[in-house]
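Student: turn this into a model:
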Amino acid sequence: MYKRFYCIEKRIERGFPSVERDIKILTGTQQIHGNKYITYSETVFFLVAGLILEPLILFLLYKYLPWRSGGHQSHDANVSDAPSAGQQVHGVQPNRWNSPRRMNILDQICSGNLEESICILSFYEETQDMHRDILTSALQQKDIPMKPFLLQVTDPDALSIPRCRFVFIFVDYSERNIILENPGQELGDNKVVTVKACQKMGADVFVIYTRDSDSSHLGDGKLYNKDLSAFTKHYLLKELTARNRGLSVNDKTFSPYQKSHIRKVVLKK
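Tutor: Now for the predicted structure:
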């Protein structure tokens, strides 16, 4: 009996290493499987990240690297479009008013075929009636037909200016006494382009500066307030003034001398 138990004990002792070895194998297998799972997840992550980042990196390289041909083409285009410093049109000072867009507007205006009438041109609706009253203080509708015209935007309204023999352009008072825009000093060129457009039609153009307080009592021989330097310094207004086509007024009526001058030019009287 003792020997039998002894044999059983030996078998059990011999079996324990096998069991222990099996447990380690099982544990190691689980660890191996666990490591494989972690490695697979990381691999999937890096693949997805690479697929996302690769096109982004290529886009950034294409957009910002200086050797892009598109950047050189854009720069060359800007340089080639710049106006020449010596460029002039009909002796007019070179400035932004002579841009291709503005010159194209003037090119669309044909000369000739004018009616024997007067265009009363205003830039603001609020003072349009006042301008009509000023002109009718010198002329009456029975003397010559009159056509009021409101021009708030030069492009393309300049193409719609009535084709009248005479155009009276009324410019309202401003604190700086700007009658027509000066090159490089004021924004826009609305009034200058308007004058040029009317001249291109072949009309006889007058520029009337209104609501100037010092023009209330102009004496004989005076068509405008001599203190308004724009009449003699602005390149375009100076030409009109030399032809007695620049006037200033305060109230809703011209002075007796201004009335006589206008009637003499328009009605030949």
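
Student: helices and strands of the chain: which one has the lowest mean pLDDT?
Tutor: Of all the helices and strands that make up the chain, the one with the lowest confidence by mean pLDDT, DSSP states H and E is helix 69-81; it has a mean of 38.

Student: run a quick check on residue 111 versus residue 201, I expect a contact.
Tutor: Yes: counting by C-beta atoms under 8 Å, a contact exists between residue 111 and residue 201, whose distance comes to 5.8 Å. Where C-beta positions appear, they are placed from N, C-alpha and C, glycine not excepted.

Student: for these two, indicate the residue with more neighbours.
Tutor: Comparing residue 111 with residue 201 by neighbour count (other C-beta atoms under 10 Å), the higher total belongs to residue 201, at 22 against 11.

Student: surely the more buried one touches residue 160?
Tutor: No: at 11.7 Å, residue 201 and residue 160 do not qualify as touching, with contact defined as C-beta under 8 Å.

Student: could you pull out the helices for this structure?
Tutor: Assigned helices in the chain, in chain order: 2-64, 69-81, 100-107, 128-136, 154-157, 190-201, 230-233, 235-242, 256-266 (criterion: DSSP state H).

Student: what about residue 248, neighbour count?
Tutor: Residue crowding around residue 248 was assessed by other C-beta under 10 Å; the count is 28.

Student: that one reaches residue 212, doesn't it?
Tutor: Yes: the pair residue 248 / residue 212 is scored as a contact, 4.8 Å apart, by C-beta under 8 Å.

Student: intersection of neighbour lists for these two?
Tutor: With contacts taken as C-beta atoms under 8 Å, 6 or more residues apart in numbering, residue 248 and residue 212 have 225, 228 as neighbours in common.

Student: pLDDT below threshold where in the protein?
Tutor: Segments of the chain classed as low confidence (criterion: pLDDT under 70) are 1-40, 63-103, 154-155, 186, 269.
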